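1. Task: produce atomic coordinates for the following.
(chains A and B)
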Amino acid sequence: MTDALPDPVTFPMPRAAACPFDPAPELTRRSEESPVSRVRLWDGTTPWLVTRYDDVRAVLADPRVSVDVSQPGFPHTNAVSKARDARMKTLMQMDAPEHTAHRRLLTADFTIRKMEALRPRIQRIVDDLIDDLLAGPNPADLVEAVALPVPSLVICELLGVPYADRAFFQRVAGELVMDEGDPARALAAAEELNAYLEALVQAKSDKPGEDILSRLAVEQYRTGAMTLNDISTMGQLLLVAGHDTTANMIALGTAALLAHPGRLAAVRDGDPALVADAVEELLRYLSITHTEARRVAREDLEVGGTVIRAGEGIVVVKSTANRDPSAFPNPGVLDVRRKARHHVAFGYGVHQCLGQSLARVELQVVYGTLYRRVPTLAAAVPLEELEFKQQAVFYGVRELPVTW
Amino acid sequence: MKVTVDQDACTGSGQCVLVCPDVFDQREEDGIVVLLRDSPEPGLREGVGEAARLCPARAITLSGS
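-> Numbering: from 1, shown residues only, chains lettered A, B, ... in the order given. Below you'll find the model as predicted:
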């Protein structure tokens, strides 16, 4: 295993150290010069790279475009992603109608109404964590103190996973989303998490509680509609997608605001509507899905004047779409008052993030509370000294030392 | 303006409910879109238009003026 950065023209490319909040320079250059072009991957294959807002939305909503990872042309980001995709088929690797049926088993759990009902509970969690932060040593790591525990606690409560087991599942989830290194290690982590969740679902079936895994155990496992493994796979997706994403947004979003003190002050002093706008803008501006969206053409289709043939892979670049001036004027400016809700940070098409309403409430509560309760919050180290995750599925900071 | 929704296409993202709760809701049992009124008043048209543009499944159709 090596810590060297990937080379700057093989996807996924690293972001620039001098502009850690911007998309990789090579992706930005492509979006300006050749919006639909070929890009090289780790294995020497050269799928299409689609970079502009309209094209990105068109591809992600096109029923001729598939997420079938078993297609030879599907663009895997490295050996780990290829091995993981071969082993574990989640919602994200299913096309309609299989996808529709599986997704609808979960959509009721993430409605706007349900997520809004969670807001007071999330507020309490955030308030308690900030109490602990303020009572503890100064400086502190905001990732450890707030960014990771907020979404971890919330997704554990929703799923019915004991939070006491967090050290275990945060470790294996971390190994699962590391987009580098040894495929055997990632698969071993997946196996560990699978065994843990299967046992948990069995226990829920025997003694159900008020949580998603209990509901699936009763409605799907007991009736024979799903196996323990099916439910465990669904649980893995929710557990990993439910905390690593929001955790990175909390820490990276705070790092970006600390680097733009005027915007941080606007969020701190703003009303809930401004905080909600700031959440959308930070989602757009930061576009943390480092491995972007990847697809394979099921039929020939034309994208931005280029014909993509059936069987060819497509890397759909949300980070540059979210910086496309045709959709977002002055896209390089972090403008917390911008109306940016049409961003594609959560994707687009039928695979758009299932948990987006949960993520919005979590981010609104954290951004709306942290800077108000800790008005002197400041970075404890210069931005240049932060270590950024250049090789994970989700981009972010490893630690965010803060003082107050 | 006439609004129609395609419940088979709906993916339950909730974007329409977020931007235009007077016109759209989600079914309790599966989060799928429910149309509360199919001929929204002029004051709601902007929100309905935004909901249609945001819908990831392109399940909202507007017709008429």
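
2. Show me where the chain has its strands.
-> In the absence of a named chain, this looks at chain A. Secondary structure of chain A by DSSP state E: the strands cover A:36-38, A:48-50, A:65-66, A:140-141, A:293-297, A:301-303, A:306-308, A:313-316, A:378-379, A:401-403.

3. wait, chain B
-> So, for chain B - with DSSP E - the strands run B:2-5, B:24-26, B:33-35, B:60-63.

4. between the strands of chain A, which one is nearest to chain B?
-> In terms of CB to the nearest CB, the element of the strands of chain A nearest to chain B is strand A:293-297, at 11.9 Å. C-betas here are computed from N, CA, C, even on glycine.

5. can stretch A:221-228 be found next to chain B?
-> No - counting by CB under 8 Å from any CB of the partner chain, chain B is not contacted by stretch A:221-228; separation bottoms out at 15.0 Å.

6. I'd like the distance from that stretch to the chain centre, please.
-> 29 Å (CA atoms, centre = their mean, to the nearest Å).

7. and what of stretch B:25-34?
-> Stretch B:25-34 sits 11 Å away from the centroid of its parent chain (CA atoms, centre = their mean).

8. can you give me the helices in chain B?
-> B:15-19, B:45-54 (DSSP state H).

9. Does anything pack onto the longest one? Which helices or strands?
-> Translated: helix B:45-54. Counting contacts by 3 or more CB pairs under 8 Å, 6 or more residues apart in numbering or on different chains; DSSP states H and E, helix B:45-54 is packed against helix B:15-19, strand B:60-63.

10. May I have the strands that pair with the shortest one, each with its orientation?
-> Strand B:60-63 has its sheet partners listed here by DSSP bridges as strand B:2-5 (antiparallel).

11. Now the strands of chain A in a markdown table, please, with extra columns for distance to residue B:5 and mean neighbour count.
-> Shown next, in a markdown table, are those (distance: least, CB to CB, whole Å; neighbours: other CB atoms under 10 Å in any protein chain shown):
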| stretch | distance to residue B:5 | mean neighbour count |
| --- | --- | --- |
| strand A:36-38 | 32 | 16 |
| strand A:48-50 | 28 | 26 |
| strand A:65-66 | 23 | 22 |
| strand A:140-141 | 46 | 20 |
| strand A:293-297 | 25 | 24 |
| strand A:301-303 | 26 | 17 |
| strand A:306-308 | 30 | 17 |
| strand A:313-316 | 26 | 25 |
| strand A:378-379 | 46 | 15 |
| strand A:401-403 | 45 | 18 |
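
12. tally of neighbours for residue A:17?
-> 12 (other CB atoms under 10 Å in any protein chain shown).

13. Tell me who's in contact with residue B:14.
-> Counting by CB atoms under 8 Å, 6 or more residues apart in numbering or on different chains, residue B:14 makes contact with A:110, A:111, A:112, A:356, A:357, B:26, B:31.

14. Out of those, which is nearest to residue A:281?
-> Within the contacts of residue B:14, proximity to residue A:281 (CB to CB) peaks at residue A:356, which comes in at 15.1 Å.

15. For chain B, what's its nearest residue on chain A.
-> Nearest residue of chain A to chain B, counting by CB to the nearest CB: residue A:107, 3.3 Å away.

16. My read is that that residue contacts residue B:28, right?
-> No - counting by CB atoms under 8 Å, residue B:28 is not a contact partner of residue A:107; they are 11.0 Å apart.

17. the more surrounded of these two?
-> Using other CB under 10 Å as the criterion, residue A:107 and residue B:28 rank with residue A:107 on top: 20 against 11.

18. Give me the pLDDT for that one.
-> If you check residue A:107, the pLDDT there is 96.

19. Give me the neighbour count for residue 45.
-> Since no chain was named, I'll use chain A. Neighbours of residue A:45 (other CB under 10 Å): 16.

20. that's the wrong chain, I wanted chain B
-> The burial count for residue B:45: 16, using other CB under 10 Å.

21. so how far is chain A from it?
-> For residue B:45, the distance to chain A equals 17 Å [CB to the nearest CB, to the nearest Å].

22. OK, contacts around the nearest residue to that residue once chain neighbours are set aside?
-> Nearest residue to residue B:45 in three dimensions, chain neighbours excluded: residue B:1, at 5.6 Å (CB to CB, 6 or more residues apart in numbering or on different chains). By CB under 8 Å, 6+ apart, the contact set of residue B:1 is B:39, B:40, B:45, B:48, B:62, B:63, B:64, B:65.

23. ok, the first one - contacts?
-> What it means is residue B:39. For residue B:39, the contacting residues are B:1, B:2, B:3, by CB under 8 Å, 6+ apart.

24. next one: the fifth one
-> With contacts defined as CB under 8 Å, 6+ apart, the neighbours of residue B:62 are B:1, B:2, B:3, B:48, B:49, B:52.

25. still on that earlier bit, most neighbours per residue, which of the helices and strands packed on helix B:45-54?
-> helix B:15-19 (a mean of 24; mean count of other CB atoms under 10 Å in any protein chain shown).

26. which residues sit against that one?
-> A:111-112, A:341, A:357, A:360, B:23-26, B:33, B:47, B:50-52, B:54-56, B:60.

27. same thing but 7 Å
-> Helix B:15-19 is contacted by residues A:112, B:24, B:25, B:26, B:33, B:47, B:50, B:51, B:54, B:55, B:56, B:60 when judged by CB atoms under 7 Å, 6 or more residues apart in numbering or on different chains.

28. returning to that earlier point: let me have the contacts of residue B:14 in TSV, extended by pLDDT.
-> Listed next are the contacts of residue B:14 as TSV, based on pLDDT from 0 to 100:
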residue	pLDDT
A:110	96
A:111	96
A:112	96
A:356	97
A:357	97
B:26	97
B:31	94
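
29. what's the closest of the residues you listed to residue A:205?
-> residue A:110 (22.4 Å).

30. For the closest one, list the residues it contacts.
-> By CB under 7 Å, 6+ apart, the residues touching residue A:110 are A:354, A:355, A:357, A:358, B:31.

31. now with 10 Å?
-> A:158, A:212, A:238, A:242, A:353-359, B:12-14, B:26, B:31 (CB atoms under 10 Å, 6 or more residues apart in numbering or on different chains).

32. One more: residue A:142?
-> Contacts of residue A:142 (CB under 10 Å, 6+ apart): A:133, A:148, A:250-251, A:254-255, A:258, A:370, A:374, A:377, A:379-380, A:397, A:399-402.

33. Measure how buried the nearest residue to it once chain neighbours are set aside is and give me the count.
-> In space, and not counting its chain neighbours, residue A:142 is closest to residue A:400: 4.2 Å by CB to CB, 6+ apart. Per other CB under 10 Å, the neighbour tally for residue A:400 reads 25.
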